[in-house]
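>>> What follows is a predicted protein model with its sequence.
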Amino acid sequence: MSSTSIEEFRQEVRSWLEKNLPQELRVGSRKGLPKDSLRKWTEALVSRGWITPEWPTEYGGGGLDRKHAAALKAELKAIRAPMITSFGTMMLGPTLLEFGTDEQKQEFLPQISRHEVVWCQGYSEPGAGSDLASLQTRAVRDGDDYVITGQKIWTTGADKADWIFCLVRTDLAAPKHEGISFILFPMHQPGVEVSPLTLIDGSADFSQVFFDGARAQAKHVVGPVNGGWTIAKRLLQHERTTDGGSEGGITGAMKETLADFVKREVGVENGVLADPQLRQRLAQQEIEAKALKLTMRRAREEARAGQTARDIGSLGKYRWANMVQGEQNLAMLALGTQGLGWSGPGFEDTHLERTRAWLTTRADSIWGGTNEVQLNVIAKRVLEIPE
Amino acid sequence: MGLILTEDQLILRNMAKSFFDEKSPVERMRRLRDSQDTTGYSRELWREMGGLGWIGITFPESVGGADMGYSALGVVLRECGRVLAPEPFVSTVLLGGNALLIGGSDKLQEELLPKVSSGERTLCLAFQEQGRFAPYAVSTSAASDGGGFRVRGEKRFVLDGHVSDQIVTVARTAGSSGERAGLTVLVVDADTPGVTVERSELLDGRNAAYIKFDDVAVDAERVLGEVDCGAALLDAVFDRATIGLCAEMVGSFEEAFERTLEYLKMREQFGVKIGTFQALRHRAAHMFGEIEFARSVVLDAQSAIDDGRDDVAECASAAKARCSDVAHLIGGEAIQMHGGIGMTDEEEIGLFAKRLKAAELTLGDANYHRNRFAGLRGY
């Protein structure tokens, strides 16, 4: 496959997409799409290994090199195909490819690339948020198993997950970073209880998960026992790089650009936004979005040219969060009291959607390392200011 | 073109860095200021830069230039900014030079630009009449007079005007102040009867002239662009000048930030390095991000010119809005983080803060450029 030229490959992808991607799915998002055609589209991708295009074919991947995979992604984006990504494809898979045993890879990777098993991430705990390494969920060896006791929180999709990749404490006596293991176990078993959390925006995608004697097989520890922190951090890098580069955040999923939204809500007179303060803020916001996009692109170009080793992952996450929140703050100002609706008459869907988005994006400066944690990382790692 | 330096530009950067480190440490700028040097910069150093091809780096080879584009000019300007070199890039190359390059007849270009490129002649652009950047607020008049014009009026904030050989002058041939239409750009020799130039010094040690035109005769052949249509020429000149100024600003705030960072790592209070305080660490990290973002926007703006893209105006305003905000932030924080010593004239950080403030408000501040950006984006 990788021996075909990029242009030939792109042609092939395009004609394949024409055949396999129904018109109704070309909307750039998975939300609210008919289940049947979404399932068929997923099967079509799976048949080519294109849910995980860069993974080796022996694990159900597409076996593409970086350039061909990038070409495939570009074509999928161009046609606005709904992305079939998951915790399995984005986070656990790359981690297993790097740290898993052959047996673990054989057991888990094909299920992920076939989109058969839904994974969730057991990281945060009520007492371990920004200070993740202070986590207390325990795993005690019992024959060929570990017995798990404790509690996780902010577990996305736990109510729909089949398996969990979980950070557990396997050595109570060791310093906090050195007693953690990374372990995999099924969610559907006695001793696992999932309790969904309703958030300030009314959504319930997160859950608390309680473990009381849940069992994991010892062979499902990834990496060395008590060596899980290295793996945990590596996986978080996958999470951060996934995010900092994305454009527009939650607004990207909306049908209308921020500028069009503000123009419609505030009004334009003689080509000038009716409110001069909002005009300034909107320009500032658009320039910030442009600067973020250019900075992430520059970082990629510099890395490719070997010109710098500066890690700007934390900067990207921090500025991305600020940008996304800035957009929704501005949208709320443009809406005025129309932004305060929750339900009932008098509010358009586009208004209600913005109100919820404003609340949803409060989380962007918290998850995946709070803004304050990102600034700490920049000060220490990039600016090398001694602590 | 990309957002990273090419091999040639990396070589140029190293050359420029050694050149300025050796010949133009920050104390040179201080000496020029303190000695009340009548020129305000070094003519000798300027001619050396001409010899290296840096003055005409964006000019075509036919007029003695190197034709290497704004990405290359930006490399040199950034190094100028790092050492606060006061040589007249903004006045001679970015403003006056661009007006000639974009609007000048072949004859005028051949007459003036080779000598500009070599550093023998300097130029300025006399446009501003009010206390803030407002390019079309021009009352200075140019009345038709036989085959030429008679210019009457007063200009302020003419950068390096006191030593310029030619004053590129914006005058009104029709309409009234504030209107885009009716502007005409003329080249006036500084020694023409009726021209009075008074020098004033600025807070950053550079200078700006107050120029009076009292019935000054200018030949019709000295018009740049079209009569009454000078605004289009000025727009293009200001876009390029703004982007160049931003490249210099990047150098200045990068250097001010690096010096401040060193201070955080060195200065001790309460028995510890002040860089251990989270209140300062977070602000330093934020400043780093602001600088990186500004730099990206400026690099992109430079390649917008070099690649002949159609969004140069938007890029120029995005760059200046960002750089002006960052200049204000870094200038202020640099003094604050240095504490009392930052208030002394002896400590160089104050020189950076002053230059950054001057550059922030030159060619339009952040508010001006955000409004312009909004207009270009249709709101």
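All right, it came through fine.
>>> How many neighbouring residues does A:G368 have?
Neighbour count of A:G368, defined by other CB atoms under 10 Å in any protein chain shown: 18. Glycine gets a C-beta too; all of them are placed from N, C-alpha and C.
>>> isn't it right up against A:K317?
Yes: with contact defined as CB atoms under 8 Å, A:G368 counts as touching A:K317 (6.2 Å).
>>> how close does the closest residue to A:R30 other than its chain neighbours get to A:S37?
If the residues on either side of it in the chain are set aside, A:R30 comes closest to A:P82, at 4.5 Å by CB to CB, 6 or more residues apart in numbering or on different chains. Distance check for A:P82 against A:S37: by CB to CB, to the nearest Å, it reads 10 Å.
>>> before we move on, what about A:T155?
A:T155 is 29 Å from A:S37, by CB to CB.
>>> Counting neighbours around each, name which of the two comes out higher.
Per other CB under 10 Å, whichever of A:T155 and A:S37 has more neighbours is A:T155, with 24 against 15.
>>> any idea whether that one is helix, strand or coil?
strand (DSSP: H, G, I helix; E, B strand; the rest coil).
>>> Spell out which residues sit in contact with it, please.
Listed by CB atoms under 8 Å, 6 or more residues apart in numbering or on different chains, the contact partners of A:T155 are A:C120, A:Q121, A:G122, A:S124, A:A161, A:I164, A:V194, A:F206, A:S207, A:Q208, A:V209.
>>> quick one: which of those sit in strands?
A:C120, A:Q121, A:G122, A:I164, A:V194, A:F206, A:S207, A:Q208, A:V209 (DSSP state E).
>>> from these, which is closest to chain B?
Using CB to the nearest CB, A:Q121 comes nearest to chain B of the ones in strands among the contacts of A:T155, at 26.9 Å.
>>> Measure how buried the residue lying closest to that closest one once chain neighbours are set aside is and give me the count.
Distances taken as CB to CB, 6+ apart place A:F87 nearest to A:Q121, at 5.6 Å, with adjacent residues excluded. Look at A:F87: counted by other CB under 10 Å, it has 21 neighbours.
>>> now the one 3 residues further on
With neighbours defined by other CB under 10 Å, the count for A:M90 comes to 18.
>>> can you tell me the residue of the stretch 1-150 of chain B closest to chain A?
Residue of the stretch 1-150 of chain B nearest chain A, by CB to the nearest CB: B:L3 (3.9 Å).
>>> And what about B:V187, helix, strand or coil?
B:V187 ends up strand, using three-state DSSP.
>>> what about it, distance to A:K35?
Going from B:V187 to A:K35 by CB to CB gives 72 Å.
>>> Among these two, which residue is more densely surrounded?
Of the pair B:V187 and A:K35, B:V187 is the one with more neighbours under other CB under 10 Å, namely 23 against 7.
>>> with the contacts of A:T155 in mind, which one is nearest to A:G346?
Closest approach between these and A:G346, by CB to CB: A:F206, at 30.2 Å.
>>> Report the contact partners of the closest residue to the closest one other than its chain neighbours.
Of all residues not flanking A:F206 in the chain, A:L197 sits nearest, at 4.8 Å (CB to CB, 6+ apart). Residues near A:L197 by CB under 8 Å, 6+ apart: A:I153, A:W154, A:A204, A:F206, A:S207, A:Q208.
>>> I'd like these as TSV, with pLDDT and neighbour count appended.
What follows is these, written out as TSV (pLDDT from 0 to 100; neighbours: other CB atoms under 10 Å in any protein chain shown):
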residue	pLDDT	neighbour count
A:I153	95	20
A:W154	93	22
A:A204	90	11
A:F206	93	19
A:S207	96	22
A:Q208	97	17
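>>> Report the two of the residues you listed separated the most.
A:I153 and A:A204 (13.5 Å).
>>> Tell me how many other residues crowd B:M249.
For B:M249, the tally of surrounding residues (other CB under 10 Å) stands at 29.
>>> residues in contact with it?
By CB under 8 Å, 6+ apart, B:M249 lies in contact with B:G81, B:A294, B:C323, B:V326, B:A327, B:L356, B:A359, B:E360.
>>> try it again with 7 Å
B:M249 sits next to B:G81, B:C323, B:A327, B:L356, B:A359 when contact means CB atoms under 7 Å, 6 or more residues apart in numbering or on different chains.
>>> And B:A359, how far from B:L123?
In terms of CB to CB, B:A359 sits 19 Å off from B:L123.
>>> typed the wrong thing, it's A:I84
Taken as CB to CB, the span from A:I84 to B:L123 is 61 Å.
>>> Show me which helix runs longest in chain A.
Assignment by DSSP state H gives helix A:276-305 as the longest helix of chain A.
>>> wait, does that helix make contact with chain B?
Yes: using CB under 7 Å from any CB of the partner chain, helix A:276-305 reaches chain B at A:279-280, A:282-284, A:286-287, A:290-291, A:294-295, A:297-298, A:301-302, A:305.
>>> where's the closest residue to A:E372 other than its chain neighbours, which helix or strand?
Leaving aside its sequence neighbours, A:E372 sits nearest to B:H282 (CB to CB, 6+ apart; 7.0 Å). In this assignment (DSSP states H and E), B:H282 forms part of helix B:278-306.
>>> Could you list the low-pLDDT ranges of the stretch 201-350 of chain A?
The stretch 201-350 of chain A contains residues with pLDDT under 70 at A:239-254, A:308-310.
>>> can you pull the contacts of the closest residue to chain B within the stretch 1-150 of chain A?
Relative to chain B, the nearest point of the stretch 1-150 of chain A is A:S130 (13.1 Å; CB to the nearest CB). By CB under 7 Å, 6+ apart, the residues touching A:S130 are A:T370, A:V373.
>>> So which bits of the stretch 1-150 of chain B are right by chain A?
Near chain A, when you scan the stretch 1-150 of chain B using CB under 7 Å from any CB, you find B:G2, B:L3, B:I4.
>>> Name the nearest residue to the second one, sequence neighbours excluded.
The one in question is B:L3. Nearest in space to B:L3, with sequence neighbours left out and distances taken as CB to CB, 6+ apart, is A:R298 at 3.9 Å.
>>> Would you check that the one you found makes contact with B:A294?
No: if you go by CB atoms under 7 Å, A:R298 and B:A294 don't touch, sitting 11.8 Å apart.
>>> domain ranges for chain A?
A:1-83, A:119-226, A:245-382 (automatic domain parsing).
>>> Any chance of CSV for those domains, columns distance to B:M15?
Putting the domains of chain A into CSV (distance: least, CB to CB, whole Å) gives the following:
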stretch, distance to B:M15
domain A:1-83, 35
domain A:119-226, 46
domain A:245-382, 18
